[in-house]
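# Just to be clear, the model below is a prediction. Sequence and coordinates:
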Amino acid sequence: MHIADATRGILGANGIVGAGQNIATGAGLSAKLRGTDQVCACFFGDGSTNQGTFHESLNLASIWRLPVIFVCENNLYGISMHQSRHQAIQDIADRAVAYNIPGVVVDGNDVFAVYEAAKEAIERARNGQGPSLIECKTYRHHGHFEGDPAKYKPAEEVAEWMSKDPIPRLINYMIDNNILSKEEFNDIDSQINDEIKEAIKFAEESPWPPIESVVEDIYTDIVEEVKK
């Protein structure tokens, strides 16, 4: 959740629901003021679209025609509450109308559908036409947190969505269309598993950090300078 790498354009996320939307708006404003062709992609869930930050961000981005792509990964549940219980609309993309920007609904489990929608939105943003809202219909396979039994999700609903898993869908498409052979896929899968095993081994065999590191980046010498 908290991964950030500015060198790769990853500004980072946080645990506050809807907080990333105004950060993305700020990033879009920065790109516009600096005159770059950068586009900010902001990802969030369906539950966060009830937050004031969502509406404030879309409003500002629309007024200032900022290069931001707001991507709602609608997995149908805000923690344990189904979308139908916290919103009177079926398509979150409908909310784009209030801000005079495109609102697109796509099959979030279809790699190609998401790619095409994103491509169009990015081109629009780079042409100075402002933001877009893309709603990707998808599903959360497991609970909201580790240990969540997810008893609130009907078994038949889970089974239906599991059959739409985007990873095997893409793999089957590539194999059926001779883009990738079964053997090539098995080789890739094996390589990835080996990398994961090596990473786990490295972590388990690495020494614990020194106790002094617990306060690194917590305090600063600037405070001491002020006191002096």
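Everything's here; your move. Residues are numbered from 1 along each chain as shown.

# in this structure, which segments are predicted with low confidence?
1, 220-228 (pLDDT under 70).

# where along it do the helices fall?
19-34, 52-63, 83-86, 111-126, 155-162, 166-176, 182-205, 221-227 (DSSP state H).

# out of those, which comes closest to Glu135?
Closest approach to Glu135 among these (C-beta to C-beta): helix 111-126, 9.3 Å. Bear in mind the C-beta positions are built from the backbone N, C-alpha and C, glycine included.

# quick revisit: select, out of the helices of the chain, the one closest to Pro149.
helix 155-162 (12.0 Å).

# Could you list the residues in contact with the closest one?
Here helix 155-162 makes contact (C-beta atoms under 8 Å, 6 or more residues apart in numbering) with Tyr139, His141, Ala150.

# check contacts around the first one.
Put plainly, it is Tyr139. Asn75, Leu76, Asn109, Trp161, Lys164.

# Skip the chain neighbours and tell me the closest residue to the residue most central in space within the chain.
Nearest to the mean C-alpha position of the chain, counting by C-alpha atoms, centre = their mean, stands Phe43 at 3.4 Å. Nearest non-adjacent residue to Phe43, counting by C-beta to C-beta, 6 or more residues apart in numbering: Val71, 4.9 Å away.

# With Gly52 instead?
Excluding its sequence neighbours, the residue lying closest to Gly52 (C-beta to C-beta, 6+ apart) is Gly18, at 7.8 Å.

# The closest residue to Cys40 other than its chain neighbours - how many residues pack around it?
Nearest non-adjacent residue to Cys40, counting by C-beta to C-beta, 6+ apart: Ala27, 4.2 Å away. Ala27 has 21 neighbours, counted by other C-beta atoms under 10 Å.

# pretty sure Ala27 contacts Thr36?
No - applying C-beta atoms under 8 Å, one finds Ala27 not in contact with Thr36, separated by 10.8 Å.
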